[in-house]
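Asker: Okay, structure incoming, though there's no sequence with it:
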């Protein structure tokens, strides 16, 4: 697909589309609002594409967006456009004759973009969504990306929107658990999201006063974890808080996973670490221990001030990128400014994990917080 350009070499834009894909994250509506208002102020029409890429090849899944449609959504969690992590047009699963069939529907996406008269698309999503966006860009679709994930593991940007809210939610839960843990003289093991990166666990654990923090980047030893718990009880601190990232794993072991079967698709999901750690602590120490999985609570709720501002900056920057013809790129934060990076670099880059020499880890160790790898 060729985008028309004016004499100055800038693309001629009349109508753009906006879609949100993958898991939801606080701040999505802030991005949508900023992008819509910025585009309308340039005289462009804006089409909201519902449920990610599904809306590009299913009828009735697109809607014209006006200023009225985005009024009052800045503080709302979720996304007014809906989302899905099952709409990969290159590997679209459908039921035919009672069987699941995988089809390449990318050609239908191209036809739909032409039919809808879209001069550009703003794709808001995580690594999976933006990898699809990169493949569509390679096919000629004029795409710009906006990074979104509560896990904060996206390459190409220092931070993603949604992460700050998730950390705040987890920290608030830890604050509340302190009182009940102390009242019952229990050890509480809290499982947080993050996939293969420990950002949420590390920062909520430090901010929430955890005694042990288990993250994927540092395989742990249960003997060390239990020694830390026993030390607290020995010092008459008759409760303990353990934060475990869903991707944390014991030294020499594997991440805890479970199979999820839905609509003919098998998927391996992370989860189960908190229950296992809690059982091990209770069996080894005899101390009453409970586990709690925060799960999707971390995705919900009103976005924090930081995520509202970052989402707004990203949404407005995406429109500037379109106006400049920066297709095939993703907006990113490179403090103190918003910049952009190629979708190719994002798609082929390694996930951002917590560096072992991060000052937060060093500070935590100095204060006696255990990561389960050595006696502090």
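Answerer: In hand now; what should we look at? This is a predicted model, so every value here is computed, not measured.
Asker: count of neighbours near residue 178?
Answerer: Residue 178 has 15 neighbouring residues, counting by other Cβ atoms under 10 Å. Placement of C-beta: from N, CA and C, glycine included.
Asker: my guess is it meets residue 209, correct?
Answerer: Yes. Residue 178 is within contact range of residue 209, at 6.7 Å (criterion: Cβ atoms under 8 Å).
Asker: Residue 338 in helix, strand or coil?
Answerer: Using DSSP: H, G, I helix; E, B strand; the rest coil, the structure places residue 338 in strand.
Asker: Would you check that it makes contact with residue 313?
Answerer: Yes. Counting by Cβ under 8 Å, residue 338 does reach residue 313; the two are 5.3 Å apart.
Asker: Against residue 213, how distant is residue 29?
Answerer: 31 Å (Cβ to Cβ, to the nearest Å).
Asker: More neighbours: which of these two?
Answerer: In this view residue 29 and residue 213 are compared by other Cβ under 10 Å, and residue 213 has more residues nearby, 29 against 25.
Asker: so what's the more buried one bridging to?
Answerer: residue 243 (DSSP bridges).
Asker: And residue 102, by the same measure?
Answerer: residue 93.
Asker: can you offset everything so residue one is 2?
Answerer: Right, with 2 as the first residue, what we last looked at is residue 103.
Asker: Verify the stated contact: it with residue 93.
Answerer: Yes. The pair residue 103 / residue 93 is scored as a contact, 7.0 Å apart, by Cβ under 8 Å.
Asker: Of the two, give the one with the bigger neighbour count.
Answerer: residue 93 (19 against 13).
Asker: Mind pulling up the pLDDT for residue 228?
Answerer: pLDDT for residue 228: 95.
Asker: would residue 116 count as being in a helix?
Answerer: Yes. Per three-state DSSP, residue 116 lies within a helix segment.
Asker: related to what we said a few turns ago, overlap in contacts, residue 179 and residue 210.
Answerer: residue 242 (Cβ atoms under 8 Å, 6 or more residues apart in numbering).
Asker: for residue 233, what are its contacts?
Answerer: Counting by Cβ under 8 Å, 6+ apart, the residues that residue 233 touches are 212, 239, 240, 241.
Asker: Run through the residues that contact the second one.
Answerer: Right, the one you point to is residue 239. 183, 186, 233.
Asker: For the nearest residue to residue 339 once chain neighbours are set aside, give me its contacts.
Answerer: Spatial nearest neighbour of residue 339, chain neighbours left out: residue 318 (4.4 Å); criterion: Cβ to Cβ, 6 or more residues apart in numbering. Residues near residue 318 by Cβ under 8 Å, 6+ apart: 332, 339, 341.
Asker: Residue 318 is in what secondary structure piece?
Answerer: Assigned by DSSP states H and E, residue 318 falls within helix 306-324.
Asker: Out of the contacts of residue 318, which is nearest to residue 57?
Answerer: Of all the contacts of residue 318, residue 57 sits closest to residue 332, with 20.8 Å by Cβ to Cβ.
Asker: distance of the closest residue to that closest one other than its chain neighbours from residue 338?
Answerer: Spatial nearest neighbour of residue 332, chain neighbours left out: residue 318 (4.4 Å); criterion: Cβ to Cβ, 6+ apart. Using Cβ to Cβ, residue 318 is found at 9 Å from residue 338.
Asker: in the stretch 152-301 of the chain, which spans are helices?
Answerer: Per DSSP state H, counting those that start in this stretch, the stretch 152-301 of the chain carries helices over the ranges 164-185, 200-208, 223-235, 274-286.
Asker: Just put those helices in CSV and tack on distance to residue 135.
Answerer: Listed next are these as CSV, based on distance: least, Cβ to Cβ, whole Å:
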stretch, distance to residue 135
helix 164-185, 22
helix 200-208, 24
helix 223-235, 41
helix 274-286, 32
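Asker: Buried deepest among those helices, which one?
Answerer: Mean neighbour count (mean count of other Cβ atoms under 10 Å) peaks for helix 200-208 among those, with a mean of 26.
Asker: Distance from the chain centre to that helix, please.
Answerer: Distance of helix 200-208 from the chain centroid (Cα atoms, centre = their mean, to the nearest Å) equals 15 Å.
Asker: In JSON lines: the contacts of residue 318, plus pLDDT, neighbour count and distance to residue 125.
Answerer: Output for these, formatted as JSON lines (pLDDT from 0 to 100; neighbours: other Cβ atoms under 10 Å; distance: Cβ to Cβ, whole Å):
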{"residue": "332", "pLDDT": "98", "neighbour count": "27", "distance to residue 125": "10"}
{"residue": "339", "pLDDT": "97", "neighbour count": "18", "distance to residue 125": "15"}
{"residue": "341", "pLDDT": "97", "neighbour count": "21", "distance to residue 125": "14"}
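Asker: The residues you listed into a markdown table, with extra columns for distance to residue 39?
Answerer: Output for the contacts of residue 318, formatted as a markdown table (distance: Cβ to Cβ, whole Å):
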| residue | distance to residue 39 |
| --- | --- |
| 332 | 12 |
| 339 | 13 |
| 341 | 15 |
